[in-house]
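> Model the following, please.
(one chain, ligands or ions: 2)
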Amino acid sequence: MYNKKSLKAEEFISHEEVLRTLAYAEKNKNNIELIEKILKKASPTRNGKQVHCEGLTHEEASILLACDDKTVLDKIYKLAEEIKEAFYGDRIVIFAPLYLSNYCVNGCIYCPYHNQNKHILRKKLTQEEVKAEVIALQDMGHKRLAIESGEDPINNPIEYILECIKTIYSIKHKNGAIRRVNVNIAATTVENYRLLKEAGIGTYILFQETYHKESYEKLHPTGPKHNYAYHTEAMDRAMEAGIDDVGLGVLFGLERYKYEFAALLMHAEHLEAVHGVGPHTISVPRIKKADDIDPNVFDNGIDDETFAKIVALTRIAVPYTGIIISTRESQSVREKLLKLGVSQVSGASRTSVGGYTEEERPTETEQFDVSDQRTLDEVVRWLIEQGHIPSFCTACYREGRTGDRFMSLCKTGQIQNCCHPNALITLKEFLEDYATDETKKIGEKLIEKEINNVPNENVREILRNNLKQIEKGNRDFRF
Ligand code: SF4
Ligand code: SF4
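Ligands and ions are numbered 1, 2, ... in the order given. Got it, this is the predicted structure:
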């Protein structure tokens, strides 16, 4: 029985409710009157300077996803762009993954780290190696990391993860610093989530992979991850432990995308209903080629057009949730999706354990094939050339703006007063410390232009002063 307030996975992600939603969406996919009503509901409304967006329910968003009408699709894209512009402006936050260990006791059949893969090299970073990786990342200009690790209570227990976080935060190399560590590790206990919270993590990210229970159990035949309920209820335990910001995601390609999309939104609605705050981010990975993994054996792959529609509809349905896209996707796909609602991208990623300290991108411990292999400087320049403002901002979590506090600032549009100047401050740091001359030149021009788009005179003055201070060698200003 469907109940979004239930704490039982099978009730808040009720299979019957997903099927009912999909049938209803199919029945109404050409109901233009209803579709227009839904689009209107999702459109931003303005009250003076404040912009408000209502978002959509899983049912409403599923109807739009089912609709094949070209005119409706154009309207969806236009609306997604409008919402993106209203809440995120041109800013794109940049981060990098850091792989700590690929030891894993699970049997996920889409991931090369599954424990039946006997030929992949297993590796776990020592603290010295973590330090070297972090220095390499800092030397590129990164400030925000997402740590990744397989699940293995012997090789990667929670104590190991906590030690790595401590090491990462402790390293200050030249002007570098990692200011936010997001964590992507297996579902765990409330007690362990409390320890992660105390360690000062940013967002706790856990991909559901698929919400379809039967498929989930087949795709995870062995190991603790086989337990669908334990995995699906992880975010509730994380939030119970005080972690305010959680990140959802499904691996598109494993199941039918319409099923995943409806269930993903049901998960977001559940978190909002129970904890008063929805997901901080949603990631949209697609299955990719990797050692031991051929994406063609999964029959639910989605083409670029469908993928773009999913991203646009996610932006419309949950306007206040960040959308993350990784280097799994090519430059051209990323270009399109940035306009439709993506707010965070990874840059210069190495998806192998210890990859950043190697001259050449190593593949022997790689989790997936990286399509976008450009350097961070190239990614920053590309973003600027595409009309975006690259941001290395990590201010919110450091200022205690998390969970419902963050969401209420977001919903009143006030967060914009912080995001925009912080983007310029952190871009300036990047230009001073890490950029090539070419990037620096266009970056400086962008900053000069964007200062004038800060509406508040007071903020503009402080910003100008901060930028001057950065030129003098001072760092880490924030709003
Ligand atoms: S997806 Fe995660 S849990 Fe599954 S095999 Fe890969 S690293 Fe292990
Ligand atoms: S001010 Fe907050 S919401 Fe805005 S970019 Fe920085 S961390 Fe993100």
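> ok now do the residue lying closest to Glu329 once chain neighbours are set aside, which residues does it touch?
Spatial nearest neighbour of Glu329, excluding adjacent residues (CB to CB, 6 or more residues apart in numbering): Ser371 at 5.8 Å. From N, CA and C alone the C-beta is placed, and that goes for glycine too. Contacts for Ser371 were tallied using CB atoms under 8 Å, 6 or more residues apart in numbering; they are Lys288, Thr327, Arg328, Glu329, Ser330, Gln331, Val333.
> how far does the top strand by length along the chain sit from the chain's center?
Looking across the chain with DSSP state E, the single longest strand is strand 91-101. Distance of strand 91-101 from the chain centroid (CA atoms, centre = their mean, to the nearest Å) equals 9 Å.
> Next one: that strand, is it in contact with ligand 1?
No. Using CB under 6 Å from any ligand atom, we find that strand 91-101 stays clear of ligand 1, coming within 9.0 Å at best.
> From the structure, what's the count of residues near Ser330?
Counted with other CB atoms under 10 Å, residues neighbouring Ser330 total 13.
> Now do the SS call for the residue nearest the centre of the chain.
Centroid check for the chain by CA atoms, centre = their mean gives Ile324 as the closest residue, at 3.2 Å. Secondary structure, DSSP: H, G, I helix; E, B strand; the rest coil: Ile324 is strand.
> same for the helix or strand Glu269 falls within, what does it pack against?
Assessed by DSSP states H and E, Glu269 sits inside helix 257-275. Counting contacts by 3 or more CB pairs under 8 Å, 6 or more residues apart in numbering; DSSP states H and E, helix 257-275 is packed against helix 9-12, helix 15-27, helix 58-66, helix 234-240, strand 246-249, helix 304-317.
> could you give the mean pLDDT of the first one?
The reference is to helix 9-12. Averaged over helix 9-12, pLDDT sits at 98.
> What are the contacting residues of that helix?
Contacts for helix 9-12 (CB under 8 Å, 6+ apart): 1-6, 213, 228-229, 232-233, 266-267, 270.
> Confidence-wise, which of those comes last?
The model is least sure about Met1 among the contacts of helix 9-12, giving it 91.
> For that one, which non-adjacent residue is closest in space?
Nearest one to Met1, counting by CB to CB, 6+ apart, is Glu11 at 6.3 Å.
> count of residues packed around the residue in the stretch 201-350 of the chain that ligand 2 sits nearest to?
Here the stretch 201-350 of the chain gets closest to ligand 2 at one residue, Gly322, 7.7 Å apart by CB to the nearest ligand atom. Residues lying near Gly322 (other CB under 10 Å) number 21.
> how about the strands in the stretch 151-300 of the chain?
Using DSSP state E, counting those that start in this stretch, the strands assigned to the stretch 151-300 of the chain run over residues 180-184, 204-205, 246-249, 281-283.
> Pick the most deeply packed of these.
Of the strands of the stretch 151-300 of the chain, the one with the most neighbours on average (mean count of other CB atoms under 10 Å) is strand 204-205, at a mean of 26.
> Now do Leu338 against Ile302, distance only.
Distance, Leu338 to Ile302, using CB to CB, to the nearest Å: 18 Å.
> Can you name the residues of the stretch 351-479 of the chain that neighbour ligand 2?
Residues of the stretch 351-479 of the chain lying near ligand 2 (CB under 6 Å from any ligand atom): Ser391, Cys393, Thr394, Ala395, Cys396, Ile415, Cys418, Cys419, Asn422.
> Could you tell me which residues of this protein lie near ligand 2?
Close to ligand 2, as judged by CB under 6 Å from any ligand atom, the chain has residues Val93, Ser391, Cys393, Thr394, Ala395, Cys396, Ile415, Cys418, Cys419, Asn422.
> So which of those residues are in helices?
Using DSSP state H, Ala395, Cys396, Cys418, Cys419, Asn422 are the members of the residues of the chain next to ligand 2 that sit in helices.
> State the distance from the residue lying closest to the fourth one once chain neighbours are set aside to Ala290.
What that stands for is Cys419. Leaving aside its chain neighbours, Cys419 sits nearest to Arg91 (5.8 Å; criterion: CB to CB, 6+ apart). Computed as CB to CB, the Arg91 to Ala290 distance reads 31 Å.
> Put together TSV for the residues of the chain next to ligand 2, with pLDDT on each row.
Formatted as TSV, those follow (pLDDT from 0 to 100):
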residue	pLDDT
Val93	97
Ser391	98
Cys393	97
Thr394	97
Ala395	96
Cys396	94
Ile415	85
Cys418	93
Cys419	94
Asn422	97
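> out of the residues you listed, who has the most neighbours?
Busiest of the residues of the chain next to ligand 2 [other CB under 10 Å] is Ser391, holding 28 neighbours.
> wait, it sits on Arg91?
Yes. Under the criterion of CB atoms under 8 Å, Ser391 makes contact with Arg91 at 4.9 Å.
> Now do the shared contacts for the two.
Residues touching both Ser391 and Arg91 by CB under 8 Å, 6+ apart: Cys419, Ala423.
> for the nearest residue to Ser349 once chain neighbours are set aside, phi and psi?
Distance criterion CB to CB, 6+ apart; nearest residue to Ser349, sequence neighbours excluded, is Thr327 at 4.4 Å. With angles defined as degrees, to the nearest 10, Thr327 sits at phi -80, psi 0.
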